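Colleague: Next comes the sequence, and after it the predicted model I'd like to discuss.
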Amino acid sequence: MSTRIAFLKGHGTENDFVIVPDPENAIDLPPAAVAVLCDRRAGIGGDGVLHVVRSAAHPEAKDMAGEAEWFMDYRNGDGSVAEMCGNGVRVFARYLQRAGHVTEGDLAVATRGGVKTVHLAKDGDVTVGMGKALLPEGKVTVSVGERSWPARNVNMGNPHAVAFVDDLAHAGDLLSPPPFSPAAAYPDGVNVEFVVDRGPRHVALRVHERGAGETRSCGTGACAVAVAAARRDGADPAVTGAPVTYTVDLPGGTLVITERPDGEIEMTGPAVIVAEGEIDAEWLETLAR
């Protein structure tokens with residue numbers, strides 16, 4: 001590992017990330033190192049790490065290299081690996097633009113959740129093709145304290161449990177993962193969204209992201225919530241042939257989610273790079289042991 005490691009800091013609706021450019025996949029980032037980087041007191045601070053690698057250089061992405069030059073090797077704040085991060089993809093694309101690897105327009109990004117299509121607009125917003133939602137059968141329940149709610153099981157390349165509540169305060173402090181049942185529904189844990197209505201096709205949420213705790217925003221969570229809200233409201237684009245759009249308010253900002261008749265979901269929102277610098281590699285190695 002070199003003496004210094006370049007990094008940037010960015011966020012999408014205040015879901016923030018440490019960005020580590022590493023085109024040739026030469027930097028070792030074990031879970032302990034990721035956790036140290038994301039520590040808000042002892043490290044740089046972030047909800048996760050965006051490890052920027054060329055697809056051809058990463059064993060998990062080689063098969064996608066023909067479709068997407070760049071692989072988003074995403075890690076949660078606790079160091080665990082995640083399949084996908086919607087806000088992260090937007091920030092990832094913004095970094096590629098800043099670094100001169102891409103320009104405005106369309107690009108493809110490889111993720112563990114598959115290849116995602118991204119559009120960098122002139123107005124600064126970034127739209128991500130998030131793929132199709134899967135709606136596994138079976139009843140799911142989530143709980144906080146004495147309260148329990150039925151939840152919609154939605155998979156956006158990563159698992160979500162969407163619960164509609166009367167008041168977002170009912171979600172509690174979200175410091176620990178909300179209990180859910182049955183355990184078999186989410187063997188690897190789950191992101192839990194608590195949702196209230198704000199108006200016609202307009203909702204607000206709080207989210208506990210597995211491996212990160214409560215975050216200011218969750219892109220895949222916003223998509224899962226929009227799909228769950230549409231089905232609750234009797235809207236299914238595959239049946240009606242008309243797209244459905246929901247505005248989703250999160251603690252860190254607003255995302256616009258559209259589900260098309262072919263099932264594809266698009267998410268539009270901001271992505272900002274706020275700083276860049278260097279990590280002391282010796283410090284990182286010492287603390288990550």
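Modeller: Looks like it came in fine.

Colleague: If I look at Arg75, what pLDDT would I see?
Modeller: We note a pLDDT of 96 for Arg75 in this prediction.

Colleague: do the same with Asn158
Modeller: In this model, Asn158 is scored at 89, pLDDT.

Colleague: For stretch 229-249, buried residues please.
Modeller: Of the residues in stretch 229-249, those with enough neighbours to count as buried (16 or more other Cβ atoms under 10 Å) are 229-231, 235-237, 244, 246-249. Just so you know, the C-beta spots here come from the backbone N, C-alpha and C atoms, and that holds for glycine as well.

Colleague: tell me the contacts of the closest residue to Val18 other than its chain neighbours?
Modeller: For Val18, the nearest residue in space outside its immediate sequence neighbours is Gly46; the separation is 4.4 Å by Cβ to Cβ, 6 or more residues apart in numbering. Contacts of Gly46 were listed using Cβ atoms under 8 Å, 6 or more residues apart in numbering, and they are 9, 16-18, 37-38, 40, 77.

Colleague: when you check these against the helices, which ones overlap?
Modeller: With DSSP state H as the criterion, helices contain 37-38 from among the contacts of Gly46.

Colleague: Of the contacts of Gly46, which is the nearest to Ile279?
Modeller: Ranked by distance to Ile279 (Cβ to Cβ), the contacts of Gly46 are led by Leu37 at 7.3 Å.

Colleague: I'd say that closest one and Leu50 touch.
Modeller: No. Using Cβ atoms under 8 Å, Leu37 makes no contact with Leu50, being 10.9 Å away.

Colleague: Flag the shaky bits of the stretch 151-289 of the chain, pLDDT-wise.
Modeller: Nowhere does the stretch 151-289 of the chain drop to pLDDT under 70.

Colleague: rerun that using 80 as the cut-off
Modeller: 287-289 (pLDDT under 80).

Colleague: where exactly do the strands run in it?
Modeller: The residue ranges that make up the strands of the stretch 151-289 of the chain, judged by DSSP state E, counting those that start in this stretch, are 159-164, 180-181, 191-199, 202-209, 213-215, 244-250, 253-259, 264-269, 272-280.

Colleague: which one of the ones you listed lies closest to Ser143?
Modeller: Once Cβ to Cβ is applied to those, the stretch that comes out nearest is strand 180-181, at 7.4 Å.

Colleague: Name the surrounding residues that touch that closest one.
Modeller: For strand 180-181, contacts defined as Cβ under 8 Å, 6+ apart pick out 140-143, 151, 161, 186, 190, 192.

Colleague: Farthest pair within those residues?
Modeller: Among the contacts of strand 180-181, the pair separated by the greatest distance (Cβ to Cβ) is Ser143 and Tyr186, at 13.7 Å.

Colleague: In terms of neighbours, single out the busier of those two.
Modeller: When Ser143 and Tyr186 are compared for neighbours, Tyr186 comes out ahead with 21 against 16, by other Cβ atoms under 10 Å.

Colleague: number of nearby residues for the closest residue to that one other than its chain neighbours?
Modeller: The spatial neighbour of Tyr186 that comes closest, neighbours along the chain excluded (Cβ to Cβ, 6+ apart), is Pro159 at 5.2 Å. As a burial measure, the neighbour count of Pro159 was computed by other Cβ under 10 Å and equals 22.

Colleague: pretty sure Phe164 is touching His170, no?
Modeller: No. Between Phe164 and His170 there is no contact under Cβ under 8 Å: 10.7 Å.

Colleague: Report pLDDT for Lys122.
Modeller: 81.

Colleague: Count the neighbours of it for me.
Modeller: By other Cβ under 10 Å, 7 other residues sit near Lys122.

Colleague: swap in Asn15?
Modeller: Burial of Asn15 is recorded as 31 neighbouring residues (other Cβ under 10 Å).

Colleague: re earlier: between the contacts of strand 180-181, which is closest to Glu266?
Modeller: Closest to Glu266 out of these is Ala161 (22.7 Å), distances taken as Cβ to Cβ.

Colleague: Just to check, Met15 is in contact with Gly88?
Modeller: No, residue 15 isn't Met; it's Asn. Yes. Between Asn15 and Gly88 there is a contact under Cβ under 8 Å: 7.4 Å.

Colleague: okay, and the common contacts of those two?
Modeller: When Cβ under 8 Å, 6+ apart defines a contact, the residues bordering Asn15 and Gly88 alike are Gly219.

Colleague: Which segments of this protein make up each domain?
Modeller: What automatic domain parsing lists as the domains of the chain is 4-125+271-288, 140-269.
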